[in-house]
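In: Coordinates for the following, if possible.
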Amino acid sequence: MSGTTKPRILRTRVTHLEMTERPTLSIPTPVAFKLALMRATKISLPFYRFLYEQVGKPHHWSVHRHLNDRDLAAIVHRANVDIHVLYADGSPAGFFELVLDEREGVTEILYFGLVPEFQGRGLAKFFLNEAIATAWMSGPQKIIIETNTLDSPRALQMYQQMGFKPVSFAEAEIEAWN
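Out: Numbering: from 1, shown residues only. Prediction:
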């Protein structure tokens, strides 16, 4: 026996959501932290991997997990990818990644989340509002996002509260992040 084990596969229900109008909600900036939201132009791959793991591991994000540096750079350094990092009191607290498809008039919030230490501390709605506002800056006809049953149990509800509407569902199998 080689000592390698088969990856554990998790089943999940994926909800695809979209927003076709700019929201009118105004979410105040939380005052409990000194916050900075910075666009990461040409993000370093080690920092991207750190954010991806910190935010995504609890939810078993898998798409970028096993990519080599060349393939990852080809994805995250594309001209139509926009990555922003939230800092709270000087520490990376989360990130969002937008993919702009001007041909189709769609901006996708591909990744969005907070690192575990900053969850449940009043940042999520503010941060999502910032991601949505940034996505609308590209002038799309709609913004899309997806979530699944492995994400935060509050994610789907929060997306809907912020103005996203479910448009389709799918079943998926995802490799567990052990």
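In: Which residue ranges of this structure form helices?
Out: Secondary structure of the chain, counting by DSSP state H: helices at 45-56, 69-76, 124-136, 155-161.
In: In a markdown table: those, plus distance to Gly113, mean pLDDT and mean neighbour count.
Out: Glycine gets a C-beta too; all of them are placed from N, C-alpha and C. As requested, the helices of the chain are exported to a markdown table (distance: least, Cβ to Cβ, whole Å; pLDDT from 0 to 100; neighbours: other Cβ atoms under 10 Å):
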| stretch | distance to Gly113 | mean pLDDT | mean neighbour count |
| --- | --- | --- | --- |
| helix 45-56 | 4 | 98 | 18 |
| helix 69-76 | 16 | 97 | 14 |
| helix 124-136 | 9 | 97 | 20 |
| helix 155-161 | 9 | 96 | 16 |
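In: could you dump those to JSON lines with distance to Ser91?
Out: Output for the helices of the chain, formatted as JSON lines (distance: least, Cβ to Cβ, whole Å):
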{"stretch": "helix 45-56", "distance to Ser91": "11"}
{"stretch": "helix 69-76", "distance to Ser91": "21"}
{"stretch": "helix 124-136", "distance to Ser91": "14"}
{"stretch": "helix 155-161", "distance to Ser91": "22"}
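In: quick one: which of those is nearest Arg11?
Out: helix 155-161 (16.8 Å; Cβ to Cβ).
In: name the helices or strands packed onto the closest one?
Out: Packing partners of helix 155-161 (3 or more Cβ pairs under 8 Å, 6 or more residues apart in numbering; DSSP states H and E): strand 9-19, helix 124-136, strand 142-148.
In: Any chance you could give me that helix in CSV, C-alpha atoms only?
Out: Only the C-alpha atoms of helix 155-161 are listed here, as CSV (Å, rounded to 0.1, in the frame of the first residue of the first chain):
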residue,chain,number,x,y,z
ALA,A,155,-24.7,32.7,3.1
LEU,A,156,-27.7,32.0,1.0
GLN,A,157,-30.0,34.1,3.3
MET,A,158,-27.5,37.0,3.3
TYR,A,159,-27.2,37.0,-0.5
GLN,A,160,-30.9,37.1,-0.8
GLN,A,161,-31.2,39.9,1.8
